[in-house]
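# below is the structure, and that's it, no one-letter string:
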């Protein structure tokens, strides 16, 4: 599933082609893509409305629309909340481009272009709504925004005995992180993924805070990670952060720091990659 860097990359790349455009029409090929809404409901939420905002919250792309027929308004009246899940993609296509065979939804723009939602496995969703809270789950702070601080991590870890990786994957605790960037951040901070959150000393919390931000910023700079055939940018290019992986997907290969073979275990039902030498599990009672 695309994580924060991939979703941020997509939002940034489609934004210039969408801002200021008005929706001239809609086409829905797979009704479940609307997450329970109807075709007429989608049309009512977006048709004849100007796109005022293209952004991201956690792993969701948010497209904000004006009131219908209101020119010059800067107030978002309705939203399209896009969750890519495993295989979803958003592409802005020229009028003469043949739609991809897995296109599930299209928004026709007033300049003739289309915004296509492509999703081979049909797990993704594009949900129209007037109220974001109706379409988004409970979410923690954004790791690249000011509300995410070292003090937030210290307080959040203080009374939690659960494993640190499971906590960082919890979107209600911290938004946007997934399997790849948790593994990479924990390695950078030299924290074992099974460490109880409350056991992590202050200096490692500080290291983890920096590692999360630096890892995400570098991944965004490299337009995310393409470790399978599904994730591509809206320009059709793969991301390149996978070439920087220190541990993710490298089990059995030598650690780039100490050369010990990397390991893979399961934490919170997710494959977890780490170095047992660089990331020592704290001794009980230590």
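That came in fine, so what should we check first? What you see is a predicted model; the values in this text were computed from it and never measured.
# buried residues, the lowest-mean-pLDDT helix or strand in the chain. List them.
Within the chain, no helix or strand scores below helix 132-135, which has a mean of 93 by mean pLDDT, DSSP states H and E. Neighbour counts over helix 132-135 (16 or more other CB atoms under 10 Å) mark residue 135 as buried. C-beta coordinates here come from the backbone N, C-alpha and C atoms, glycine included.
# so which elements touch it?
On a contact count with 3 or more CB pairs under 8 Å, 6 or more residues apart in numbering; DSSP states H and E, helix 132-135 meets strand 78-83.
# quick one: average confidence on the strand it packs on?
The average pLDDT within strand 78-83 is 98.
# and it, how far from the chain's centre?
14 Å (CA atoms, centre = their mean, to the nearest Å).
# neighbouring strands - and their directions - for that strand?
When pairing is defined by DSSP bridges, strand 78-83 lines up against strand 60-65 (antiparallel), strand 125-129 (antiparallel).
# nearest to residue 40, of these?
Closest to residue 40 of these is strand 125-129 (CB to CB; 10.5 Å).
# quick check, residue 163 in contact with residue 192.
No. Proximity of residue 163 to residue 192 does not meet the contact threshold set by CB atoms under 8 Å, at 9.0 Å.
# which one's more surrounded, the two?
For residue 163 versus residue 192, neighbours defined as other CB atoms under 10 Å are more numerous around residue 192 (23 against 18).
# show me the chain divided up by domain.
Using automatic domain parsing, the domain ranges for the chain come out as 4-135, 150-274.
# distance to residue 283 added to those, as a markdown table?
Listed next are the domains of the chain as a markdown table, based on distance: least, CB to CB, whole Å:
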| stretch | distance to residue 283 |
| --- | --- |
| domain 4-135 | 33 |
| domain 150-274 | 10 |
